[in-house]
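Peer 1: generate coordinates for the sequence data below:
(2 chains)
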Amino acid sequence: AQTVTQSQPEMSVQEAETVTLSCTYDTSESDYYLFWYKQPPSRQMILVIRQEAYKQQNATENRFSVNFQKAAKSFSLKISDSQLGDAAMYFCAYRNLLTGNQFYFGTGTSLTVIP
Amino acid sequence: DTGVSQNPRHKITKRGQNVTFRCDPISEHNRLYWYRQTLGQGPEFLTYFQNEAQLEKSRLLSDRFSAERPKGSFSTLEIQRTEQGDSAMYLCASSRQNLNYGYTFGSGTRLTVV
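Peer 2: Predicted coordinates:
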């Protein structure tokens, strides 16, 4: 079974500071995709960033970047220059070609941004 | 393109009643998914459609649950004889053929069974 673990139920960060959210996953596959989704309160989940496992280069999207450590099966999300609008639940998700069409999600990290 | 639309946003029902939720995906997306999210958990896969064909079902989808996508456009998820354990957020998502770019989620339907 595929498992995705987010060990930080809650995190907080001062506005304009940097925060890193952790995610680890368990797989025996070599070809897979990893995602971070953001879920603001009472709003829909939106894709923040994605990473293909075959790419060594870490993905970056504006203030969001990942630290992908394939051997350690770790996929952390770094948010730079945190803004009040970044406050949300963040979910890490995994998919490989063998799992078909379903994604496996972690339990989420609730991020609070302190003004 | 108005995104993925789900109705209703909230549903409160008495135990034992049937409920039906609707999802309208992004029009050019041929893949549609249903997930369930309970408090403190991430979304869990329920089922997947490609066009009108239901191609995958999770073990979570008991025989009280049925999903349809009759014309390959909108989808409905029906829960019969609801139980308190069915209380959750039901999320719909859609995607293009290339799933590696992720899903687009709707805002969900929050079901409360009393």
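Peer 1: what's the closest non-adjacent residue to residue 97?
Peer 2: This is for chain A. Computed as C-beta to C-beta, 6 or more residues apart in numbering or on different chains, the closest residue to A:Leu97 that is not its neighbour in sequence is A:Asp31, at 5.9 Å. Yep, even glycine has a C-beta here, placed from its N, CA and C like the rest.
Peer 1: my bad, the chain I had in mind was chain B
Peer 2: B:Gln97 sits nearest to B:Asn30 (C-beta to C-beta, 6+ apart), 6.4 Å away.
Peer 1: mind checking how far the one you found is from B:Pro70?
Peer 2: From B:Asn30 across to B:Pro70, the span is 14 Å (C-beta to C-beta, to the nearest Å).
Peer 1: what pLDDT is listed against residue 62?
Peer 2: Since you didn't name a chain, this refers to chain A. On pLDDT, A:Asn62 comes in at 96.
Peer 1: that answer is for a different chain, and I need it for chain B
Peer 2: So B:Ser62 comes in at 89 (pLDDT).
Peer 1: could you look up the SS state of it?
Peer 2: The three-state assignment at B:Ser62 reads coil, by DSSP: H, G, I helix; E, B strand; the rest coil.
Peer 1: what's the answer for A:Leu98, then?
Peer 2: Going by three-state DSSP: A:Leu98 is helix.
Peer 1: skipping adjacent residues, who's closest to it in space?
Peer 2: That would be A:Glu29: by C-beta to C-beta, 6+ apart, it lies 6.2 Å from A:Leu98.
Peer 1: A strand includes B:Ser27, no?
Peer 2: No: using three-state DSSP, the assignment for B:Ser27 is coil, not a strand.
Peer 1: and chain B, which of its residues are near chain A?
Peer 2: Counting by C-beta under 8 Å from any C-beta of the partner chain, the positions of chain B adjacent to chain A are B:3-4, B:31, B:33, B:40-45, B:48, B:55-56, B:58, B:91, B:99-108.
Peer 1: contacting residues around B:Ser75?
Peer 2: Taking C-beta atoms under 8 Å, 6 or more residues apart in numbering or on different chains as the criterion, B:Ser75 is in contact with B:Arg22, B:Cys23, B:Pro25, B:Leu32, B:Trp34, B:Phe49, B:Ala67, B:Glu68, B:Arg69, B:Cys92.
Peer 1: mind saving the C-alpha coords of the one helix or strand the first one maps to as PDB?
Peer 2: Which is B:Arg22. Under the criterion of DSSP states H and E, B:Arg22 resides in strand B:19-24. C-alpha atoms of strand B:19-24 as PDB (Å, rounded to 0.1, in the frame of the first residue of the first chain):
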ATOM      1  CA  VAL B  19     -28.800  11.600  -0.600                       C
ATOM      2  CA  THR B  20     -27.500  12.500  -4.000                       C
ATOM      3  CA  PHE B  21     -24.700  14.900  -4.900                       C
ATOM      4  CA  ARG B  22     -23.900  16.400  -8.200                       C
ATOM      5  CA  CYS B  23     -20.500  17.300  -9.800                       C
ATOM      6  CA  ASP B  24     -20.000  19.300 -13.000                       C
END
